[in-house]
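A.B. asks: Give me the fold of what follows.
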Amino acid sequence: MTVVAMKTAGARPGPDWSAVARELGERFAGRAAAIDADDRFVDENYAELKASGLVAAGVPAELGGGGASHAELCEVVRTLGRHCGATALAFSMHTHQVATNAWRWRHTQAPVDGLLKRVAAERIILLSSGGSDWLHGSGTATRVEGGFRVSARKAFTSGAPAGDLLLTSAVYDDPEAGPTVLHFGVPMRSDAVRIEPTWRAMGMRGTGSHDVLITDFFLPDGAVGGRRPQGKWHPLFHVISMLAIPLIYSAYLGVAEAARDRALQLAAKRRSDAHLLQAVGGMENDLAEARLALADMTAAAATDAPGAATTNRIFIARGILARAATGTAEAAMQVAGGAAFYRDAGLERLFRDVQGARFHPLQDGVQRELAARVALGLDIDGGG
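C.D. replies: Numbering: from 1, shown residues only. Have a look, this model is predicted:
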């Protein structure tokens, strides 16, 4: 049973969520290889995340949650990533939904307190379809009396087997405003929802990132949480970028740190020479770069200033972290030598897991265009 540790004297009062993550992580590490080998979802780990209270750590204390800061949540995900990358990545998707709604409740008085109270009291799991939606959205919403009928396929829905509520979107072809993305929640137990078990992947195999099929779901007008023009940067997406991306990439930094530590353990059995020293030095440099990138992302998030400048800063750091984390894992393979090729050594799973860092928004080409537009003072939506 997990005991919630308290912070040391002088720290902000409240649970030491990093200590909770470390305790859980040590158990998660013992399951990680078998889960990966069997393409199994990390269901046991999710049960412990719920029991420990970590699923509600990001809910404001005023609403019954743990009151953890964004930086503390990043550290939790990073700690979990050092022990089980799949658990960390899937959990980051729930956590960033909690963090985003908590920020909106606190800073814009958005009416999301009911959702956050449910996370705290019932410990429900929130799912995100952002990886298959982003600015353009996906799926169709057709106007009917009293609301919409929604059908969609949402890929990369991490944590799907444990999810209670999918926070997603669909596109309505508004006759006046044009293509409009509607945001809403879909209960995973709805008869209109089905999980299609598509997740057989190179790495992060335990995330349960299956496709979720939504067929003829009735969305009442009153349940539409937001509307925005399709394909345009909206204030909500600046908030999501500011908070979600550092949380997601905290998981990959944790994996890279685990790869570095394992490589050094394996290298201790090798004869030191100039080539090994160069490989270790390169690995250390890459990991330091990844750590600096995450530190800059969390600093950007701490400004509480969502907008084009902060979004650009976040995504520049995201690109640096992705390259540095994958570079750390590649260098770790060289440091460990031939032993790294054996599955039982534990390094090849970490190498595979960290490759996922390449694929979250914004991928390299799109990120560079955004950075260029901001630098040149152009419209970030492509209009200038």
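A.B. asks: now for the lowest-mean-pLDDT helix or strand in the chain, which elements pack on it?
C.D. replies: The helix or strand of the chain with the poorest confidence is helix 130-133; it has a mean of 81 (mean pLDDT, DSSP states H and E). For helix 130-133, the elements it packs on are strand 147-157, judged by 3 or more C-beta pairs under 8 Å, 6 or more residues apart in numbering; DSSP states H and E. In this view, the C-beta of every residue, glycine as well, is placed from N, C-alpha and C.
A.B. asks: Next secondary structure element downstream of the least confident helix or strand of the chain?
C.D. replies: The helix or strand immediately downstream of helix 130-133 is strand 140-144, counting by DSSP states H and E.
A.B. asks: on that earlier part again, so what's the gap between the least confident helix or strand of the chain and the chain middle?
C.D. replies: Relative to its chain's centre, helix 130-133 lies at 12 Å (C-alpha atoms, centre = their mean, to the nearest Å).
A.B. asks: cool, stretch 100-119 as well?
C.D. replies: Stretch 100-119 has its C-alpha centroid displaced from the chain centroid by 19 Å (C-alpha atoms, centre = their mean).
A.B. asks: How about it, which residues are buried there?
C.D. replies: The neighbour-count check on stretch 100-119 (16 or more other C-beta atoms under 10 Å) flags 100-105, 110, 112-113, 115-119 as buried.
A.B. asks: just stretch 24-33 next, same as before
C.D. replies: Quick answer for stretch 24-33 (16+ other C-beta under 10 Å): 24-25, 28-29, 31-32.
A.B. asks: cool, and stretch 256-274?
C.D. replies: Buried, per 16+ other C-beta under 10 Å, within stretch 256-274: 256-260, 262-263, 266-267.
A.B. asks: Ok, stretch 294-307 next?
C.D. replies: Neighbour count says stretch 294-307 has 294-298, 300-301, 306 buried, by 16+ other C-beta under 10 Å.
A.B. asks: Let me know the helix or strand that the residue nearest the centre of the chain is in.
C.D. replies: Of all residues in the chain, the one closest to the mean position by C-alpha atoms, centre = their mean is I248, 3.0 Å from it. Element membership for I248 (DSSP H and E) is helix 235-267.
A.B. asks: and the helix or strand following that helix with helix 235-267, angle?
C.D. replies: Downstream of helix 235-267, the next assigned helix or strand under DSSP H and E is helix 274-302. Angle of helix 274-302 versus helix 235-267, following axes from the mean of the first three to the mean of the last three C-alpha atoms, to 10 degrees, is 160 degrees.
A.B. asks: which other helices and strands contact helix 274-302?
C.D. replies: Using 3+ C-beta pairs under 8 Å, 6+ apart, helix 274-302 is in contact with helix 70-83, helix 235-267, helix 308-336.
A.B. asks: Okay, buried residues for the first one please.
C.D. replies: In terms of neighbour count (16+ other C-beta under 10 Å), helix 70-83 has its buried residues at 70, 72-83.
A.B. asks: Count the neighbours of L376 for me.
C.D. replies: For L376, the count of nearby residues is 8 (other C-beta atoms under 10 Å).
A.B. asks: Return the distance of it relative to A309.
C.D. replies: 14 Å (C-beta to C-beta, to the nearest Å).
A.B. asks: Could you do V77 as well?
C.D. replies: For V77 relative to A309 (C-beta to C-beta), the value is 25 Å.
A.B. asks: can you check A86 too?
C.D. replies: 34 Å.
A.B. asks: quick check: domain ranges of the chain?
C.D. replies: For the chain, automatic domain parsing gives the domain ranges 17-124, 130-229, 235-376.
A.B. asks: Great, nothing more from me.
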